[in-house]
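Participant: could you work out the structure for the sequence below:
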Amino acid sequence: MADGSKFERAPKRGEIDAVVVGAGFGGLYMLHKLRQLGVSVQGFEAGDGVGGTWYWNRYPGARCDVPSLFYSYTWDDALQKEWRWTEKYAAQPEILAYANHVADRHDIRPLIAFETRVVSATFDESADRWSVVTDRGDELSARWLIMATGCLSTPRAPAIPGVETYDGETYHTGAWPHEGVDFTGKTVAVIGTGSSGIQSIPQIAKQAKHVTVFQRTANFSVPANNTPLTQKDIEDFWKMYPDYMALVKGPGMGFGGNPANAIAATPEERRQRYEEYWGVGGAGFLAAWGGIITDLEVNNEAADFVREQIGRTVTDARTAEALMPNDHPIGTKRICVDIDYFETYNRPNVTLVNLKQTPIEEITPNALRTSEATYPVDAIVFATGFDAMTGTLLAIDPKGVGGRSLKEAWAEGPKAYLGLAVAGFPNLFVVTGPGSPSVLSNMINSIEQHVEWITDCIAHMRAEGFSRIAAVQETQEAWVAHVRRVADKTLFPRAASWYMGANIPGKPRVFMPYIGAGYRKKCADVAAAGYEGFVLQKAPSDVHAT
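Facilitator: The predicted model follows:
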């Protein structure tokens, strides 16, 4: 349960068709689809409930940065029509309620062993099966192992000297207490100004006696302009729904954007469109003009517009300047969506510390000490992000062919064919893994596409009697090179972002998501060609390579 206790249950042992790790939106849909296929399946989830990211991230102000009407499963038409989101951008409690509703509506919960972590997974080459062991004593042999562990599921631990000596309260936004936190009358330090910091700081400031924000990197953020959803909003959504579904199910992954060239427009026209998109709010600001992510001149103009808005909003000139990002092109780090973030710095109980000028030197039993001053605080909130896309997978560290671990295979950076499979790890699938659109898309759409592809692949294997599928090393290398070439045509590599693994010391700098066009078509073509780029095997002596 949330307090760390565990439900009593007997360990699960024996053979099963599939194991699914994780009970977020990817795990829920994967379990549902495999059961529909007639596959015996067992899910494992570390938490005591479903929801994944939305189960763990309960910090004040947590909400989705995709409009809620689009952050919904599309595979259940009745659910789409019956579920009523209340806000333009749904808050964490509402999204978690949605996940629970889906789990109950489709009776998925009985397929999941909660409060259970997978601690090892080893491929048995003689049987073409995975041996899966958990911290609860479960020992299962599964034909297929599906990792639905999420892209942002391993909180990044703060590496600050003296952190272990601090006597006050400490919290991480990625593992927030389920009962909530009362900061009334307390002095609070918030370390980090990524998405979780930008969302939580305004809410904490409304409650705390004083909030000191320790910022290493200023981030671009666009106001959500969040509003309650009206009946007209719902009706307008359903009018455009066929076009939306055509985009989602089309050759790409639903990437939008305005193809109009900003350079060809007049300064007045460009300004007008930036104003328009700023007024709408949200990450869609990056779609104001084509070329924002590929043309530095266009990007600079968009970035200047946002910096101008920060300067207009924050009354103290020195604070405003510190909050203006100037070390990366806009959009090359995850653009944030906020509610009153910059306005919060006009409050008398909020102070910004620029760590670029005065870095933190240590944490003492009752304070944070920078190179310039000491800040006594009652509580510290670490909004320090995640070991994105690979952290949870590497924590489990599956052992593939020849006993080679995933850590060894990914020593120079994560490599996966289509973000779905890893060479040397047969019968292992990853939902929204490195090398797929994942975090650069609407995650719900990407999850659905991956789950459906994996389900179809398993159905094909069962129908044809194949016991093993494995990505071909050379094909994987070609895909990884393609992902890198596409990224290099954009401005993304110019930023030290978590997309590149730059927030984790020692992590290889590799651009992990796929930003190219036609991803869904590529996956479909691979399947239609008999799973081109994979080796399918019925028995060690009967191999079919495509």
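Participant: next one: stretch 452-467 to chain centre, how far?
Facilitator: 27 Å (C-alpha atoms, centre = their mean, to the nearest Å).
Participant: make residue 1 into 587 and carry on from there
Facilitator: Will do, 587 is the new start, and the previous item becomes stretch 1038-1053.
Participant: give the buried residues for that stretch.
Facilitator: 1039-1044, 1047, 1052-1053 (16 or more other C-beta atoms under 10 Å). Quick note: C-beta positions are derived from backbone N, CA and C, even for glycine.
Participant: okay if I get these as TSV plus pLDDT, distance to residue 968 and secondary structure?
Facilitator: What follows is those, written out as TSV (pLDDT from 0 to 100; distance: C-beta to C-beta, whole Å; DSSP: H, G, I helix; E, B strand; the rest coil):
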residue	pLDDT	distance to residue 968	secondary structure
1039	98	36	helix
1040	98	34	helix
1041	98	38	helix
1042	98	41	helix
1043	98	39	helix
1044	98	40	helix
1047	98	44	helix
1052	97	46	coil
1053	98	45	coil
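Participant: list just the nearest of those residues to residue 956.
Facilitator: residue 1040 (48.3 Å; C-beta to C-beta).
Participant: what about the closest residue to that closest one other than its chain neighbours, which SS state?
Facilitator: Closest residue to residue 1040 apart from its sequence neighbours, by C-beta to C-beta, 6 or more residues apart in numbering: residue 1015 at 4.7 Å. Put simply, residue 1015 is strand when judged by DSSP: H, G, I helix; E, B strand; the rest coil.
Participant: please apply the same query to the one 5 residues further on.
Facilitator: What three-state DSSP gives for residue 1020 is coil.
Participant: so it makes contact with residue 980?
Facilitator: No. Taking contacts as C-beta atoms under 8 Å, residue 1020 lies outside contact range of residue 980: 11.1 Å.
Participant: can you map out the helices along the stretch 987-1132 of the chain?
Facilitator: 992-995, 1029-1050, 1059-1074, 1105-1114 (DSSP state H, counting those that start in this stretch).
Participant: most tightly packed of the ones you listed?
Facilitator: Of the helices of the stretch 987-1132 of the chain, the one with the most neighbours on average (mean count of other C-beta atoms under 10 Å) is helix 1029-1050, at a mean of 20.
Participant: quick one: which of the helices of the stretch 987-1132 of the chain is nearest residue 767?
Facilitator: Comparison of the helices of the stretch 987-1132 of the chain against residue 767 by C-beta to C-beta identifies helix 1029-1050 as nearest, at 26.8 Å.
Participant: can you say which helix or strand has residue 787 in it?
Facilitator: helix 781-793 (DSSP states H and E).
Participant: mind saving the C-alpha coords of that helix as CSV?
Facilitator: The C-alpha atoms that make up helix 781-793 are tabulated as CSV, following Å, rounded to 0.1, in the frame of the first residue of the first chain:
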residue,chain,number,x,y,z
SER,A,781,8.1,20.7,-15.8
SER,A,782,7.4,19.4,-12.2
GLY,A,783,9.0,22.4,-10.6
ILE,A,784,7.2,24.9,-12.9
GLN,A,785,3.9,23.2,-12.1
SER,A,786,4.4,22.8,-8.3
ILE,A,787,6.1,26.1,-7.4
PRO,A,788,3.0,28.3,-7.8
GLN,A,789,0.9,25.9,-5.7
ILE,A,790,3.5,25.6,-2.9
ALA,A,791,3.9,29.3,-2.8
LYS,A,792,0.2,29.8,-2.1
GLN,A,793,0.6,27.8,1.1
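Participant: next SSE after that helix?
Facilitator: That would be, after helix 781-793 and using DSSP H and E, strand 796-801.
Participant: which residues does residue 993 contact?
Facilitator: Residue 993 makes contacts with 980, 983, as judged by C-beta atoms under 8 Å, 6 or more residues apart in numbering.
Participant: still on that earlier bit, which of the buried residues of stretch 1038-1053 lies closest to residue 717?
Facilitator: Closest to residue 717, out of all of the buried residues of stretch 1038-1053 and judged by C-beta to C-beta, is residue 1053, at 15.2 Å.
Participant: surely that closest one meets residue 1123?
Facilitator: Yes. Residue 1053 lies in contact with residue 1123 (C-beta under 8 Å); the separation is 6.3 Å.
Participant: find residues that contact each of these two.
Facilitator: What both residue 1053 and residue 1123 touch, as defined by C-beta under 8 Å, 6+ apart, is the set residue 714.
Participant: which non-adjacent residue is nearest residue 837?
Facilitator: residue 1107 (3.8 Å).
Participant: what do you get for residue 1012?
Facilitator: residue 1056 (4.0 Å).
Participant: tell me the confidence at the one you found?
Facilitator: You'll see residue 1056 listed with a pLDDT of 98.
Participant: wouldn't it be in contact with residue 1121 here?
Facilitator: Yes. Here residue 1056 reaches residue 1121: they are 4.9 Å apart, a contact under C-beta under 8 Å.
Participant: quick check: residue 783 vs residue 997, distance?
Facilitator: 31 Å (C-beta to C-beta, to the nearest Å).
Participant: those two: who's more crowded?
Facilitator: Between residue 783 and residue 997, counted using other C-beta atoms under 10 Å, the more crowded position is residue 783 (26 against 9).
Participant: the closest residue to the more buried one other than its chain neighbours: what's it in contact with?
Facilitator: Distances taken as C-beta to C-beta, 6+ apart put residue 969 closest to residue 783, at 3.4 Å, once the chain neighbours are dropped. Each residue near residue 969 by C-beta under 8 Å, 6+ apart is listed here: 645, 758-759, 776-780, 782-783, 786-787.
Participant: of those, which is the most crowded?
Facilitator: residue 787 (29 neighbours).
Participant: need the pLDDT of that one.
Facilitator: Taking residue 787 on its own, its pLDDT is 98.
Participant: which residue ranges of the stretch 837-986 of the chain form strands?
Facilitator: Taking DSSP state E, counting those that start in this stretch as the test, the strands found in the stretch 837-986 of the chain are 922-924, 936-940, 946-950, 953-956, 960-962, 965-968.
Participant: so what secondary structure elements neighbour the fifth one?
Facilitator: It refers to strand 960-962. Where contact means 3 or more C-beta pairs under 8 Å, 6 or more residues apart in numbering; DSSP states H and E, strand 960-962 is packed against strand 953-956.
Participant: what lines up beside the strand it packs on in the sheet?
Facilitator: The strands beside strand 953-956 in its sheet (DSSP bridges) come out as strand 946-950 (antiparallel), strand 960-962 (antiparallel).
Participant: which one of those lies nearest to residue 817?
Facilitator: strand 960-962 (48.6 Å).
Participant: contacting residues around that closest one?
Facilitator: Here strand 960-962 has contacts from 773, 775, 798, 939, 950, 952-955, using C-beta under 8 Å, 6+ apart.
Participant: can you pull out the low-pLDDT segments for the stretch 637-786 of the chain?
Facilitator: 739 (pLDDT under 70).
Participant: still on that earlier bit, can you read off the pLDDT for the residue nearest to residue 837?
Facilitator: 94.
Participant: I'd say it and residue 1004 touch.
Facilitator: No. Counting by C-beta under 8 Å, residue 1107 sits too far from residue 1004 to count as a contact (11.7 Å).
Participant: which residues touch the residue nearest to residue 1040?
Facilitator: 730-733, 1006-1007, 1040, 1043.
Participant: how about the helices of the stretch 587-736 of the chain, start to end?
Facilitator: Using DSSP H, counting those that start in this stretch, helices in the stretch 587-736 of the chain cover 611-623, 639-642, 663-668, 678-691.
Participant: now do the stretch 837-986 of the chain
Facilitator: 853-866, 882-899, 903-909, 927-930, 977-982.
Participant: nearest to residue 826 among these would be which one?
Facilitator: Per C-beta to C-beta, nearest to residue 826 of these: helix 853-866, 14.9 Å.
Participant: quick check: angle from the closest one to helix 882-899?
Facilitator: Put simply, helix 853-866 runs at 60 degrees to helix 882-899, going by axes from the mean of the first three to the mean of the last three C-alpha atoms, to 10 degrees.
Participant: helices or strands up against helix 853-866?
Facilitator: Using 3+ C-beta pairs under 8 Å, 6+ apart as the contact criterion, the elements in contact with helix 853-866 are helix 882-899.
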